[in-house]
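# I'd like to go over a predicted model; first the sequence, then the structure.
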Amino acid sequence: MEKENEVFPEDKTTEQAQETTVADEQEENKENVEVIFDEEAIEADASEAPSVSELQERISQLEKAVEEKDNRLLRLQADFDNYRRRTRSEIESNEKYRSQSLALGILTAIDNFERALQTEVQDEEAKSLLQGMEMIYRNILEALKKEGIEALESVGQPFDPEYHHAVMQDSNDQYEPNTVIEEFQKGYKLKDRVIRPAMVKVNQ
């Protein structure tokens, strides 16, 4: 009885060979399954990936967005440059014409000086007084000149509405038409700006 259950070496080797074959088949099946899953994953990724036309459209959108941002930056830079130029120009203008309000206030006093100096007097004391006034008058004009404030030349000049304010017209053969022939009140300029036009008579 014991001999019937006894396993011979040949049988044992056969069993081991069968077990090895089964294990190899299982491993091969496992690898085949993994390959199948990998191929399916690749196909899924490929189906989800954007097409060339979609990529080109996306690139075009990005380029357009970048261009719009660049244009906005350029506009902002241009606006800032213009603002800076305007500010600098205003500062320079204010500095250049800072004496204008003071000059306009003084011009009335100068007009009064000129009218007084045109007065004819016989009294020596009055003459002495006029001489003193004339000295003050000339000192004021000199001080204004240092600030760039000067009287305009009018008589004999072609009429220019920027420099002259015509209050009368006349016909005089000694002058060309449209020429200033008389000045009633002097005009003044501050550097290159007319701060008060001259009141004049113009030849027709």
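The structure has been received and is ready for your questions. Quick caveat, the model's predicted, so the values are computed rather than measured. Residues are numbered from 1 along each chain as shown.
# okay but residue 149 is in contact with residue 188, surely?
Yes: judged on Cβ atoms under 8 Å, residue 149 makes contact with residue 188 at a distance of 6.0 Å. The way it works is simple: take the backbone N, C-alpha and C, and place the C-beta from them, glycine included.
# how about low-confidence regions in the chain?
Residues of the chain that meet the criterion pLDDT under 70 lie in 1-49.
# go with 80
For the chain, applying pLDDT under 80 flags the ranges 1-50, 90, 92-99.
# Which residue ranges of it form helices?
2-5, 9-48, 52-96, 100-117, 124-146 (DSSP state H).
# Please parse the chain into its domains.
Per automatic domain parsing, the domain ranges recorded for the chain read 62-96, 97-203.
# Just put those in CSV and tack on distance to residue 54.
Below are those laid out as CSV (distance: least, Cβ to Cβ, whole Å):
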stretch, distance to residue 54
domain 62-96, 13
domain 97-203, 64
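# Go through those and pick out the most buried.
Sort the domains of the chain by mean neighbour count, taking mean count of other Cβ atoms under 10 Å, and domain 97-203 sits at the top with a mean of 14.
# centroid residue for this structure?
residue 82 (1.9 Å; Cα atoms, centre = their mean).
# OK, contacts around that residue?
For residue 82, the contact set (Cβ atoms under 8 Å, 6 or more residues apart in numbering) is empty.
# quick one: it from residue 68, how far?
With the distance defined as Cβ to Cβ, to the nearest Å, residue 82 ends up 21 Å from residue 68.
# what does residue 130 give?
For residue 130, the distance to residue 68 - Cβ to Cβ - is 76 Å.
# got it, and residue 50?
Residue 50 is 23 Å from residue 68, by Cβ to Cβ.
# re earlier: quick check: neighbours shared by residue 149 and residue 188?
Joint contacts of residue 149 and residue 188 (Cβ under 8 Å, 6+ apart) are 103, 195.
# mind checking which of the domains of the chain is nearest residue 56?
domain 62-96 (10.4 Å; Cβ to Cβ).
# List the contacts of residue 96.
residue 191.
# Start at 26, not 1
Yes, from this point I'll number from 26; that puts the last item at residue 121.
# check contacts around residue 210.
Residue 210 neighbours (Cβ under 8 Å, 6+ apart): 136, 223, 224.
# try it again with 10 Å
132, 136, 139, 179, 190, 192, 221, 222, 223, 224, 225 (Cβ atoms under 10 Å, 6 or more residues apart in numbering).
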